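**Student:** coordinates only, sequence not included:
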């Protein structure tokens with residue numbers, strides 16, 4: 001008798017907790033859409049062809065770029081997004097990069113998305129080859145209509161190893 005009551009209470013607590021979690025997710029700025037299809041985001045295999053040689057109008061999906069290709073994207077005036085945390089960003093980032101912490105996307109959307117255009121090629125990076133935050137962020141951005149995304153897998157590690165300039169401190173205008 002006591003066992004049945006304990007099981008019923010445990011089931012009720014689990015259901016209550018699950019319901020509270022779904023409600024929190026629905027109202028949270030960082031909530032996720034459980035019905036989005038990130039596995040359907042196209043990945044472009046550019047192979048021997050440099051992504052900068054591909055017409056941006058022909059790009060639809062995520063491609064992976066080399067350090068040289070990322071530099072060409074930057075030199076062309078396209079935006080570059082840092083998918084790392086604000087602490088990592090402040091300790092050193094690619095000059096001009098826009099902070100959009102993958103794990104706190106909702107916090108940044110109102111200030112970042114208006115600065116991006118779905119027609120622009122957008123570079124995205126994170127810490128280095130073992131970090132997949134940039135690829136996950138690119139997939140999230142693709143579901144929002146940004147379809148010309150270039151992920152630099154080398155990240156800050158390769159950027160720094162190449163001796164390229166690094167900015168420090170918070171993003172200008174960000175509080």
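**Tutor:** Ah, there it is. Note that the structure is predicted; figures quoted are calculated from it, not measured.

**Student:** in what helix or strand does residue 90 lie?
**Tutor:** helix 86-91 (DSSP states H and E).

**Student:** who does the next helix-or-strand element following that helix pair up with?
**Tutor:** Proceeding N to C from helix 86-91, the next assigned helix or strand is strand 98-99, under DSSP H and E. Applying DSSP bridges to the sheet, strand 98-99 is found paired with strand 80-82 (parallel).

**Student:** any idea of the mean pLDDT in the strand it pairs with?
**Tutor:** Strand 80-82 shows a mean pLDDT of 97.

**Student:** do stretch 124-141 as well
**Tutor:** Stretch 124-141 comes out at a mean pLDDT of 94.

**Student:** Please apply the same query to stretch 168-175.
**Tutor:** 69.

**Student:** Repeat that for stretch 3-22.
**Tutor:** The pLDDT scores in stretch 3-22 average 76.

**Student:** hey, where'd the helices end up in this protein?
**Tutor:** 2-27, 67-75, 86-91, 105-112, 133-143, 155-161 (DSSP state H).

**Student:** and residue 128, backbone torsions?
**Tutor:** phi 180, psi -170 (degrees, to the nearest 10).

**Student:** Quick check: closest non-adjacent residue to it.
**Tutor:** residue 157 (3.4 Å; CB to CB, 6 or more residues apart in numbering). The way it works is simple: take the backbone N, C-alpha and C, and place the C-beta from them, glycine included.

**Student:** The one you found and residue 125 touch, don't they?
**Tutor:** No - applying CB atoms under 8 Å, one finds residue 157 not in contact with residue 125, separated by 9.8 Å.

**Student:** and those two? which has more neighbours close in?
**Tutor:** Set residue 157 next to residue 125 and count neighbours by other CB atoms under 10 Å: residue 125 wins out with 30 against 16.

**Student:** so who does the more buried one touch?
**Tutor:** 70, 80-83, 94, 97, 134, 151-152, 154-156, 159 (CB atoms under 8 Å, 6 or more residues apart in numbering).

**Student:** what's the most distant pair in those?
**Tutor:** 81 and 154 (15.0 Å; CB to CB).
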